[in-house]
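Novice: Coordinates for the following, if possible.
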Amino acid sequence: MKASDFTSLEDKLKHWKNPVDMLRNCEVGPYVFPIASEFSNWRDEQEAWHKTAVLFDLSNHMTDIHFEGPDLMRLLSDLAVNSFAKFGKNKAKQIVCCNPDGFVIGDAILFGLDENRVNISGRPTIPNWVAFNAETGDYDVSVSRDNRSVESATGRRKYRFQVQGPNSGEILRKAVGGTLPDIKFFNIGQVTIAGKQVNALNHGMSRTGGLELWGPTADGPAVREALLEAGQDLGLTPVGARAYSTVSPESGWIPSPMPAIYAEDAMRAFREWLPADGFEANASLGGSYYSNDITDYYQTPWDLGYGRHVKFDHDFMGRPALERMADQPHRQKVWLVWNNDDVMRIYASMFGPGVPNKYLELPGAQYSTLPFDKVTIDGELVGLSTYNVYTTNVRAWFSLAMVDEKHAVDGAEAILVWGEENGGTAKPIVERHEQTEVRVTIRTSSPIVGS
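Specialist: Numbering: from 1, shown residues only. The predicted structure follows:
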């Protein structure tokens, strides 16, 4: 059946045995970054964000929703685990929202544009969640959408670039033709580039400094050209989709937690509001971990490294559950560095007779929107691995994972199971293959060579 045969996510779920079956058999592959795959080559593009500087183009793949109205701060405070005591105009933060049981619905970047006016930008779930509550709750808040390119028939309203890397400051000074304003981390300022007023967020995506820049779509080409000209002799390198998909795991950010929305009665109205052709109804689930209970895929804020964002200075959805969880054992976010010999064995399985292991696509091998692979120690499940990539900065395959905190020991050894059960699920992107085990080393800090 097609998405057009259903009226909503909730309606679509009724046609499956459970949410896990729907997501594991979804025909969509990994999250789409609708830009050129490479501008030069992904190896040099990866190295540039540590050695010189890069230009990331975020203009097309993120959902942007604008909110404005006298009840805006109350809306945000009711939904987010974050404190808003010091939030306002020209401030930004990573907004994290949970369901009533304390499991993460998602996260996104919240931009304070003016008094009672914000923009939420990121993968669709959190912009959608806040919009749903603004439109259906008792809030005087207006909603204006700027959907990602794959969901928009009218094009984007804004461009969004990032200049990151050790040379970013000098490049940006050249682009603005003078001194940069003193913008504190996760604060917003304004600069002028190519005669265009540009908003600037002090934000880092590659464990190095830089600015995120945005403005009207019509200004984007002129601003981009001015940045490239300013960076011509300073190694500014545009980054394509292949390298861009690897920056999040290297930086230590899990970009797509499982939205905790699929089973709870309290989330039913949201599922009925969400379209059947939207992100949440068509996010594919893949990997060696399998449970027929969708809640086994949910994460707490601590699992994702967001425990620091949870502030009990306000009432918000999920607060009682999170208060009960706060002092309990949690999973901890870590990197897993894959054993080189085991990786070479996976590649060798492509040659000669027999069923190969699941293919490792360079430089990022995530083949679903929501990847979850089993991590074990002595046969015991101790965590879940998510996004797996190779970067020239690490010089190894590695993945981000969430493991039980008692096992989150730097240098400890574990096993990752690579590939899906029974030769692979029905997703067209998954070839027939055989599961295999990969030895991994747990790293609690960046695995980048020389860091």
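
Novice: Flag the shaky bits of the stretch 151-300 of the chain, pLDDT-wise.
Specialist: Scanning the stretch 151-300 of the chain for pLDDT under 70 picks out the ranges 204-207.

Novice: Which residue ranges of it form helices?
Specialist: 168-176, 220-230, 241-251, 268-273 (DSSP state H, counting those that start in this stretch).

Novice: Could you dump these into JSON lines and include mean neighbour count?
Specialist: For the C-beta atoms, the positions are set from N, CA and C on the backbone; glycine is no exception. Supplementary listing: the helices of the stretch 151-300 of the chain in JSON lines, determined by neighbours: other CB atoms under 10 Å:
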{"stretch": "helix 168-176", "mean neighbour count": "20"}
{"stretch": "helix 220-230", "mean neighbour count": "18"}
{"stretch": "helix 241-251", "mean neighbour count": "23"}
{"stretch": "helix 268-273", "mean neighbour count": "17"}
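
Novice: Kindly reformat those helices as JSON lines containing distance to L362.
Specialist: Shown next, in JSON lines, are those (distance: least, CB to CB, whole Å):
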{"stretch": "helix 168-176", "distance to L362": "27"}
{"stretch": "helix 220-230", "distance to L362": "27"}
{"stretch": "helix 241-251", "distance to L362": "8"}
{"stretch": "helix 268-273", "distance to L362": "37"}
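
Novice: CA atoms of stretch 394-405 as PDB?
Specialist: Coordinates of the C-alpha atoms in stretch 394-405 are reproduced here as PDB (Å, rounded to 0.1, in the frame of the first residue of the first chain):
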ATOM      1  CA  VAL A 394      40.200   8.500  12.900                       C
ATOM      2  CA  ARG A 395      41.800   6.200  10.300                       C
ATOM      3  CA  ALA A 396      39.400   3.400  11.300                       C
ATOM      4  CA  TRP A 397      35.800   2.300  11.100                       C
ATOM      5  CA  PHE A 398      33.900   3.400  14.200                       C
ATOM      6  CA  SER A 399      30.400   4.000  15.500                       C
ATOM      7  CA  LEU A 400      28.600   5.900  18.200                       C
ATOM      8  CA  ALA A 401      26.900   3.700  20.800                       C
ATOM      9  CA  MET A 402      25.000   3.800  24.000                       C
ATOM     10  CA  VAL A 403      26.300   1.200  26.500                       C
ATOM     11  CA  ASP A 404      25.500   0.400  30.100                       C
ATOM     12  CA  GLU A 405      27.500   2.800  32.200                       C
END
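
Novice: right, and the helices of the stretch 151-300 of the chain - which one's nearest M317?
Specialist: helix 268-273 (11.3 Å; CB to CB).

Novice: contact partners of the closest one?
Specialist: Contacts with helix 268-273, where a contact means CB atoms under 8 Å, 6 or more residues apart in numbering, come from S8, L9, E10, D11, L13, W129, F132, T136, I261, Y262, E280.

Novice: so how far is that helix from its chain's centroid?
Specialist: Offset of helix 268-273 from its chain centre (CA atoms, centre = their mean, to the nearest Å): 23 Å.
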